[in-house]
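Visitor: sequence unknown, structure follows:
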DNA sequence: AGTTAGTGTGTTATGTTATAACATGTAATG
DNA sequence: CATTACATGTTATAACATAACACACTAACT
Ligand SMILES: [Zn+2]
Ligand SMILES: [Zn+2]
Ligand SMILES: [Zn+2]
Ligand SMILES: [Zn+2]
C-alpha cells in the first residue's frame, strides 16, 4: 500500500473532488446567504451561479451568455455583467483577471483575499485561501494603505504538466 | 523638530521623487540592458518607453498610441501592443491588469514578482518589490507549482485619501 | 552579387471584452 | 395609487486586443 507515492502529494490544490457534493453545498450556501441578507436569488442569478459552479473553471462573460441563451434567458451582454458584478460583490464569484474569466468561489463564508493558481498548459485554475497561500497581507511597508480588494494570480505550470513534459 | 510626525511616515510607497533623475536613470538602464543583450533599442521602442517613464503611471495602449501619433509614429494598435509585449518580456514595463494599463517598471535589474498598490481614489499606483511587499512566494501548499509569472495588485485607499475623507 | 532568414515596422480588418443609456415590469412603502 | 427600489431587457457603442499580410533592412551564407 505504499506504492505510487511520488506524484500523489504534488499540487494538492489541483486535485479532483466529489462534484455532486460540491455543487449541492454551493447552492445551499448561496441560498442561505441570500435569505440571511434578504437578497433575491432570482432565477437569472441562480442560473448564472449554477453555470459557473457546474464547470467550476473560469468562463468568459460571453460563454455564460451563450449558456443563458440556451436556457431561455436573454443573452445580451449587460445581463451577464450585471449579475456577475452582483455575485462578485457578495463573494460568490471571482474574476480571474489573467483570463478575463469568472469563476465560482470555492469557499464563500470566508474572509477573502484569494489567490488563484493557474496552469498555463492544462489551464486548470485553483483558488487558494488566504491562510494557505503563504501571502501575508499587508506588510509593514504598505500598512498605511487600506486594502479593499486584491488580485493575486500565480501563473505557471502545475506538477502534472511539468512531469509530463519531455525534456 | 518633532512636530508633524503623524502623517509623514504614512504610505511611503506613494511618495514623490526627483523625476529628472528617475527618468535619466531609467533610460540609462534600458540602454545598458539592450546593449548587453544585443537587442535593438529602436526609436519606436525608446519612444514608447519614454512615454511610460515620463508619466510613470499606467497608460492604456490607446493613450500610448495617441502620443505616438503626435510624434510621427504610426498609431495603429498592433504597433503599441507589439512594443509593449517586447518591453514587458524584458522587464521594463508591467501590465496593470486591474486598469488595463501599462507602466514602466520602477526597478528593472531585479528578480521580479512585483506588487502593485493602487489607490482607487487618487488613482496613484506604486510598484512594490517582492522583498518589501511581505508576500512570500511560494507557500508549501503550492510548492509543486512552478510559478512563471505573478499578478499581484492591491486596490484600496491610500492614507492621504483616507485622511482627506470626511467621516 | 544573389539568395535566404531574421527582425522590426506598417496597414487593414476583425475579434473580444465591457459599459452607457434607456425601457419595462414588478413588488414593497407610505 | 403615487413613489421608490430593484431586477431584467434592449440597443448601441466603447474600450481593449489580435490576426494576417506587406514591406523594408540587415546579416550571413553560396
Ligand atoms: Zn473565493
Ligand atoms: Zn497543468
Ligand atoms: Zn518592476
Ligand atoms: Zn489616494
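Guide: Cool, the structure landed. Predicted model, so just to flag it, every value in this text is computed and none were measured. Ligands and ions are numbered 1, 2, ... in the order given.

Visitor: does any bit of stretch A:108-125 sit next to ligand 2?
Guide: Yes. Residues of stretch A:108-125 contacting ligand 2 under C-beta under 5 Å from the ion: A:119, A:121-122. In short, each C-beta sits where N, CA and C put it, glycine included.

Visitor: Revised request: answer the last question for stretch A:158-167.
Guide: Yes. With C-beta under 5 Å from the ion as the criterion, ligand 2 is reached by stretch A:158-167 at A:158, A:161.

Visitor: Now the element after the host helix or strand of residue A:83, going C-ward?
Guide: Element membership of residue A:83 [criterion: DSSP states H and E] is helix A:77-89. Following helix A:77-89 in sequence order, the next helix or strand is strand A:93-96 (DSSP H and E).

Visitor: Please name the strands paired to that following strand in the sheet, noting orientation.
Guide: Strand pairing for strand A:93-96, using DSSP bridges, gives strand A:101-104 (antiparallel).

Visitor: hang on, residue A:65 packs against residue A:75?
Guide: Yes. Assessed by C-beta atoms under 8 Å, residue A:65 is found in contact with residue A:75 at 4.3 Å.

Visitor: Which of the residues of stretch A:108-125 next to ligand 2 are buried? Put it as a ChimeraX command.
Guide: If you want just the buried ones from the residues of stretch A:108-125 next to ligand 2 in ChimeraX, going by 16 or more other C-beta atoms under 10 Å in any protein chain shown, the selection is:
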select /A:119
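
Visitor: Name the residues of the helix holding residue A:83 that are buried.
Guide: Neighbour-count burial for helix A:77-89 flags A:79-80, A:83-84, A:86-87 (criterion: 16+ other C-beta under 10 Å).

Visitor: which among the residues you listed are in contact with chain B?
Guide: With C-beta under 8 Å from any C-beta of the partner chain as the criterion, those include none near chain B.

Visitor: roughly how far is the longest strand belonging to chain A from the heart of the chain?
Guide: Longest strand in chain A, counting residues (DSSP state E): strand A:146-157. The chain centre lies 13 Å from the centre of strand A:146-157; the measure is C-alpha atoms, centre = their mean, to the nearest Å.

Visitor: is it anywhere near ligand 1?
Guide: No. Contact between strand A:146-157 and ligand 1 is absent, the nearest approach being 11.2 Å (criterion: C-beta under 5 Å from the ion).

Visitor: Please name every helix or strand in contact with that strand.
Guide: For strand A:146-157, the packing partners by 3 or more C-beta pairs under 8 Å, 6 or more residues apart in numbering or on different chains; DSSP states H and E come out as strand A:115-119, strand B:146-157.

Visitor: how about CSV for those, with mean pLDDT added?
Guide: Putting these into CSV (pLDDT from 0 to 100) gives the following:
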stretch, mean pLDDT
strand A:115-119, 94
strand B:146-157, 92
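
Visitor: Which of those sits closest to ligand 3?
Guide: Closest to ligand 3 of the helices and strands packed on strand A:146-157, according to C-beta to the ion: strand B:146-157, at 11.3 Å.

Visitor: Brilliant, that's me finished.
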